[in-house]
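*Asks:* okay, sequence plus prediction incoming.
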Amino acid sequence: MRAVAQLVSRGWVRIDGREVAAIGPGLVILLGVGKDDTETDASYVANKILNLRVFPDHDGWFNFSVLDARGELLVVSQFTLYGDCRNGRRPSFSGAACPENALGLYQSLVGHLEKSGLRVATGEFQAMMSVGIVNDGPVTILIDSKKVF
């Protein structure tokens, strides 16, 4: 499972011009599910997201997690995180999970995040979305449950 976590002052998702989700200060999570991912991967990534120390303290050091900061979370499914462009010019998405498997693990990760008590918003799985991200810092962190990076 792969995630791109971005520290934001705000984030939102629009579908067909209609806003379906929005958050204030917190993290926007772009999430890709791999074909070999399991519930263990969802739990690992959720734990990483909740405990990443990427929120600045009063001196500007990254000492606080989204839990400490009581930030909000916006999770957006993005299978293109498994795009492999090492060969040719068109990415291969063969490493991405099929939609049926990906949906369950996406929902599992969201459920793990919701258990934290933080506000969790989501995009719409498999929809074409416009995602607005006001990256703060900017701070962008890559997470991979297989520890590829």
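*Replies:* All right, it came through fine. Numbers count the residues shown, from 1 in each chain.

*Asks:* what does stretch 50-68 contact?
*Replies:* Stretch 50-68 is touched from outside by 5, 7, 26-27, 49, 69, 71, 73, 113, 116, 118, 139, 141, 143, with contacts defined as CB atoms under 8 Å, 6 or more residues apart in numbering. Where you see a C-beta, it was placed from the backbone N, CA and C, and this is true even at glycine.

*Asks:* tabulate these (TSV), appending neighbour count and secondary structure.
*Replies:* Formatted as TSV, the contacts of stretch 50-68 follow (neighbours: other CB atoms under 10 Å; DSSP: H, G, I helix; E, B strand; the rest coil):
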residue	neighbour count	secondary structure
Ala5	22	strand
Leu7	25	strand
Gly26	25	strand
Leu27	30	strand
Ile49	25	helix
Ala69	18	helix
Gly71	20	coil
Leu73	24	strand
Leu113	24	helix
Ser116	17	coil
Leu118	18	coil
Val139	16	strand
Ile141	16	strand
Ile143	18	strand
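
*Asks:* ok, the residue lying farthest from the centre of the chain - contacts?
*Replies:* Within the chain, Gly88 marks the point farthest from the mean C-alpha position, 27.5 Å out by CA atoms, centre = their mean. Counting by CB under 8 Å, 6+ apart, Gly88 touches no other residue.

*Asks:* how about the helices in this protein?
*Replies:* 39-51, 66-69, 99-114 (DSSP state H).

*Asks:* give me the mean pLDDT for the shortest one.
*Replies:* For helix 66-69, mean pLDDT rounds to 98.

*Asks:* now do stretch 13-30
*Replies:* Throughout stretch 13-30, pLDDT has a mean value of 98.

*Asks:* coming back round to it: spatially, which two of the contacts of stretch 50-68 are the most separated?
*Replies:* Greatest spatial distance among the contacts of stretch 50-68 (CB to CB): Ser116 and Val139, at 19.5 Å.

*Asks:* what about the residue most central in space within the chain, distance to Ala3?
*Replies:* Residue closest to the mean C-alpha point of the chain, counted by CA atoms, centre = their mean, is Ile29 at 2.1 Å. Going from Ile29 to Ala3 by CB to CB, to the nearest Å gives 5 Å.

*Asks:* okay, and the common contacts of those two?
*Replies:* Contacts common to Ile29 and Ala3, judged by CB under 8 Å, 6+ apart, are Ile49.
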